[in-house]
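[1] sequence plus the predicted model coming up.
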Amino acid sequence: MIPPSFIQDLLARTDVADVVGRYVTLKKAGINFKGLCPFHGEKTPSFIVSPTRQTYHCFGCGVHGNALGFLMEYGGLGFVDAVKDLAQMQGMPVPEENVRPEERERQRQAREKQATLTDVLARAAQHWKQELKKSPRAVQYLKGRGLTGEIAARFALGYAPERWQGLASAFPKYDDPLLVESGLVITPEPQPGETEGKRYDRFRDRIMFPIRNPQGQVIGFGGRVLDKGEPKYLNSPETPVFVKGRELYGLFEARAALRNKGYAIVTEGYMDVVALAQWGFGNAVATLGTACTAEHAQKLFRFTDHVVFSFDGDAAGRRAAGRALEAALPYATDTRRISFLFLPAEHDPDSYIREHGPEAFEACVKQAVPLSRQVLEHAAIDCDLDSAEGRARLLVQAIPLIAQFPEGALQGLVADDLAQMARTAPEEVRRRLAEHQSRAADKAQRQRGDASRAPRTAGGDTSEGAWDANVPAFDPDTGGGWSGDMGEPDWGEPSHTGGGDTAHGSWASGGARQGGGRPWKKPWRDGGGSRWQRQGSPVERRPLPQAATPLDRIVWALVSHSEFWEQLPGATHDLLCDQPAPYGAFFRWLDRLLIDQGLQPADALLALMRGGEDGAPDSGADTSPPDLAVLARRVTQFVDVPDNKDTVDNLLNLIKPLELVALREELDLLTQSGELSDAAEARKLELVRRTLAMKLEISQHRPISA
C-alpha cells in the first residue's frame, strides 16, 4: 500500500498546470489557465486549470480533479500507475507501507540523508555562484560563449577557483564527512604515518553547472575547464542523491519551455543546453556524460510526447543515436513522436546555433529523422540490400528492434516498411515478428516462474499485482478517494444519494458525469476527501479560533440531533465534508457512522469521537482520532450537549454562509478566466443569480441589531 503521507507530499509538490499542460495547450487567463477540453470536442474553451486550487475543471462536460485524477482520466491509468508516473515526474521514489519496521526506519534515514546531502550541495552551488561574480576571467569566458548574465543566473552557473581547498571558506568544517559523501571533496589514500590523506576540492578552476532534479534540488555538478585541459568536463561521482543514468541536466529549468514548445531536445553537453536556452530553445536537456538510458527516456515522456535526440553527424554521434534509439523504443507509442537530429560533423548544437542562428536550427529540428525511418536505417548498417544475404541480415537485425515497440499501429506500419525494404511479403515479416514476440514472452514467463519460486524479501511482494491488491480502485471524484491510501475505512456504496440543488457550487452541479457517463458518487464515502478539496491533496489544518465558530455550532447541532443529517440535501453533505480539518473529517465520519449504525444519541457520538468505544475513526483517516477527540472537547466547552433548542431550519441558516462562499469561489474562477464557451457563460449567469438569492436569504435570517 502506498502511504497516505506520500500521496499528500506528492500532490503538494506537483503543479497541476505542469501536468495538464503536457497534453493540453493552455493559455493564461487571469490567475488561471484555460484551454480546449481534452475530454469532449469543443471549439471555444471551457476547460480551466486553477493553480491556486490545484484543480482542473471543464464547465462543458463537468470533468474535474487534480493532477492524479487527470493522469488517470486522460491516460486511462490505474491509481498506482498514475502515482508512479507523477512520482517519477517529481523525482520521488514511491515507498511502500507494508514493510517491516526496520525497513521503514532505513527508508526514513535514507530520506534524511538525502535532504542533508542536497543542503550541502546547495550551499556549494551558492558559494560558487558568488565566486563567479568575483572572477572577471570566468565571466569573460561565459560572455565569449555568447551567454548573458540572465541565462547564467537562470542555470545558477558558478565558478570553482583554482584553489585546492576553496570550499573551506563555504563550510565551517572542511573535514565534514558529508563533503566527501556528496562528491565535493576527495580524500586520497593516506601516506605512511598519516591517519588520513590531505583533502582537496574535486572541482578547481572550472565553470560549474549545478545539476538539479525535477524538484529543483541540487544533486550534483558538472565542471568545465576554462582553458585547455583534461578532462574537458568533470562530473560529480554517483551518490545517494545522484545517479547519472537517471538524471538529465536542465530538466528542471526546461519544464515551462517543454510545455510551450511541445517537444524536448536531448543533447550531449551542458553548454549545448545553456546555449540553446540563450537562443530561445529552453526545452533542451542533456545526458550526464553517459549514453541515453531507458530511465532517461521514461523521465522525458513524463513531460512531453515529442523527443528530438540531437547528435553530431560523425561516427560517434551515430553510435550514440543507436543507443538512444534502443532506449526509447519501448516508449514509442502511437501518440508519441521520437526524432533524430544529425548536425554536420564539425558542429554541436552550441556551435551550430551560434554560427547559423535559431531559424536554421529550427529548420533542422523540423527535418529530424523520424523513429520509424531511423530504426530501419540503424538495422540496415552493414547490410548489402542488393543481395539476398544482406536483406536476410536486415530482417534478423530489425525484427528484435521492432518487437520492442509497444503493441499498436506504429509497430505494424514499421513492420510493413521493413517488408518493403527487405523485398519480402508483409505477412512474412509479421510472422517472424510474432514468433520473436512469442519466444520473448516464453522466456519472460520462465523468468517470472523462477522469481516466484525464490524466497520473498523482507519488504513483501512488490509486484504490480501486489500493488493493485493493496490499493482500491480510485474514483476520480473522491478527492483522493482511494480508501486504503487516504486511510479512511472502506465505506462501500452509499445507501442514499441525497437530493436538492448543488448549493455548494460544486463542480458536479448540473448533472456532471464521469468519463463513462456515470453520475459522480459521494466522494467522502469511498474514503479520502472530496472533489472541492483538490482531490487527494492534504487538507489544510487551520488554527482553531478561541471562540465558537459557525462550524462548531453546526457540529454540536448534529451531535445533538444526528437525525438532522438525513434531512440535509446531498449537496449540503458535499459542502460540509469539504471543510478544513478537523471539521470535514467529522462530517465524513458521521455520514458513514449513520449508514452503518443508524441514529446515535449525543452521549454515544461524543464517546465515539473521544475514541472510547468501537467505531472510533481509524488512525489512518485524513485526521487522527486525537483530532476528533479535541473537537469533542472543543464543542462541549462552548455549550452543554445535547442542545435541544436547535432545529433543521436553524442548522440550514448556519450553513448558508458556507454555501455563499462556495458559490463565490466558483464564480471567481469563471470571471478570472476571461472569454469561455457558451456552457461556461451560462453557468456564470446561473452562479450570479444564485449568489444574489443566497445573499438575500442570509440577510432575511440575520438578526437586526437594536
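    Here it is on my side, so go on.
[2] assign a three-state SS to the spatially closest residue to P400 that is not a sequence neighbour, would you?
    Leaving aside its chain neighbours, P400 sits nearest to H436 (6.4 Å; criterion: C-beta to C-beta, 6 or more residues apart in numbering). (Glycine included, C-beta is placed from N, CA and C.) Of the three states, H436 takes helix under DSSP: H, G, I helix; E, B strand; the rest coil.
[3] what's the answer for the one 3 residues further on, then?
    When states are read from three-state DSSP, the local structure at R439 comes out as helix.
[4] what is the burial count for it?
    As a burial measure, R439 scores 11 neighbours (other C-beta atoms under 10 Å).
[5] where does the closest residue to T636 other than its chain neighbours land on pLDDT?
    Nearest non-adjacent residue to T636, counting by C-beta to C-beta, 6+ apart: L606, 7.1 Å away. On the pLDDT scale, L606 is placed at 86.
[6] any idea how far L654 is from L606?
    From L606 across to L654, the span is 20 Å (C-beta to C-beta, to the nearest Å).
[7] ok, back up a step: the residue nearest to T636 reaches A632, doesn't it?
    Yes. The pair formed by L606 and A632 meets the contact definition of C-beta atoms under 8 Å, at 5.2 Å.
[8] the two: which is more packed in?
    Using other C-beta under 10 Å, the more surrounded residue of L606 and A632 is A632, with 24 against 20.
[9] which of the helices or strands spans that one?
    Assigned by DSSP states H and E, A632 belongs to helix 625-638.
[10] got a list of what V429 touches?
    Applying C-beta atoms under 8 Å, 6 or more residues apart in numbering to V429 gives the contacts 395, 399, 415-416, 418-419, 422.
[11] mind putting these in JSON lines, pLDDT included?
    As requested, the contacts of V429 are arranged in JSON lines below (pLDDT from 0 to 100):
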{"residue": "L395", "pLDDT": "94"}
{"residue": "I399", "pLDDT": "94"}
{"residue": "A415", "pLDDT": "94"}
{"residue": "D416", "pLDDT": "94"}
{"residue": "L418", "pLDDT": "95"}
{"residue": "A419", "pLDDT": "95"}
{"residue": "A422", "pLDDT": "94"}
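[12] who wins for neighbours among those residues?
    Counting neighbours by other C-beta under 10 Å, L418 comes out on top of the contacts of V429 with 26 neighbours.
[13] can you get me a residue count around C383?
    Neighbourhood size, C383 [other C-beta under 10 Å]: 20.
[14] any low-confidence regions in the stretch 151-300 of the chain?
    193, 195 (pLDDT under 70).
[15] what ranges do the helices span in it?
    177-181, 251-261, 270-278, 294-300 (DSSP state H, counting those that start in this stretch).
[16] would you pull up how far the third one lies from the middle of the chain?
    Here the centre of mass of C-alpha atoms in helix 270-278, compared against the chain's by C-alpha atoms, centre = their mean, to the nearest Å, lies 25 Å away.
[17] over to the last one?
    Relative to the centre of its chain, helix 294-300 is centred 15 Å away, using C-alpha atoms, centre = their mean.
[18] show me which residues of the following helix or strand past the helix holding A632 are buried.
    Where DSSP H and E defines the elements, the next helix or strand beyond helix 625-638 is helix 648-672. By neighbour count on 16 or more other C-beta atoms under 10 Å, the buried set for helix 648-672 is 650-656, 658-660, 662-670.
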